[in-house]
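Enquirer: The sequence isn't on hand, but the structure is:
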């Protein structure tokens with residue numbers, strides 16, 4: 001039996017230390033920013049669904065080896081959320097077939113954004129995973 005779940009997350013540009021978020025309500029003077037998210041369809045993995053998000057919304061083809069799992073959690077209603085980030089080499093700006101608002105932010109700027117408590121938590125944990133990955137790669141370089 002297939003249990004419904006959502007894949008959610010952001011793009012991370014290591015060169016600038018910024019992540020890409022989307023605006024989920026553009027009528028408000030203080031818009032709400034969110035992770036990109038999509039409900040997984042039957043027989044699709046979270047990673048496959050995550051790739052689809054960015055292809056469908058921004059026309060970006062992500063490579064699976066650039067996708068990193070942050071964590072999985074269940075909401076109060078029992079829905080599972082798989083949170084990911086994908087490291088990208090450039091700040092994507094041009095294509096936007098879905099006509100959504102999106103922008104790049106560094107982690108300090110995110111603290112000032114209008115975002116939900118769950119999104120804050122997802123980003124905070126994502127930042128910890130990214131920082132840990134950076135520390136590991138720096139440690140490996142000094143050992144080599």
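Expert: Sure thing, it's come through. Keep in mind that what you see is a predicted model, and the values were worked out from it rather than measured.

Enquirer: Mean confidence (pLDDT) on the one helix or strand residue 73 maps to, please.
Expert: In this assignment (DSSP states H and E), residue 73 forms part of strand 67-74. Strand 67-74 carries an average pLDDT of 95.

Enquirer: Okay, now the unreliable bits of the chain?
Expert: 1-3, 26-28, 92-99, 140-144 (pLDDT under 70).

Enquirer: Where do the helices of it begin and end?
Expert: 46-58, 107-110, 117-143 (DSSP state H).

Enquirer: buried residues in the strand holding residue 73?
Expert: Using 16 or more other Cβ atoms under 10 Å as the test for burial, strand 67-74 gives 67, 68, 70. Every residue, glycine included, has its C-beta placed from N, CA and C.

Enquirer: And these, which is closest to residue 126?
Expert: Residue 126 lies nearest to residue 70 out of the buried residues of strand 67-74, by Cβ to Cβ, at 4.8 Å.

Enquirer: quick one, what contacts the closest residue to residue 90 other than its chain neighbours?
Expert: Leaving aside its sequence neighbours, residue 90 sits nearest to residue 13 (Cβ to Cβ, 6 or more residues apart in numbering; 7.2 Å). Residues near residue 13 by Cβ atoms under 8 Å, 6 or more residues apart in numbering: 19, 20, 87, 88, 89, 90, 91, 104.

Enquirer: I figured the fourth one hits residue 10, correct?
Expert: No. The pair residue 88 and residue 10 does not pass the contact test of Cβ atoms under 8 Å, sitting 10.2 Å apart.
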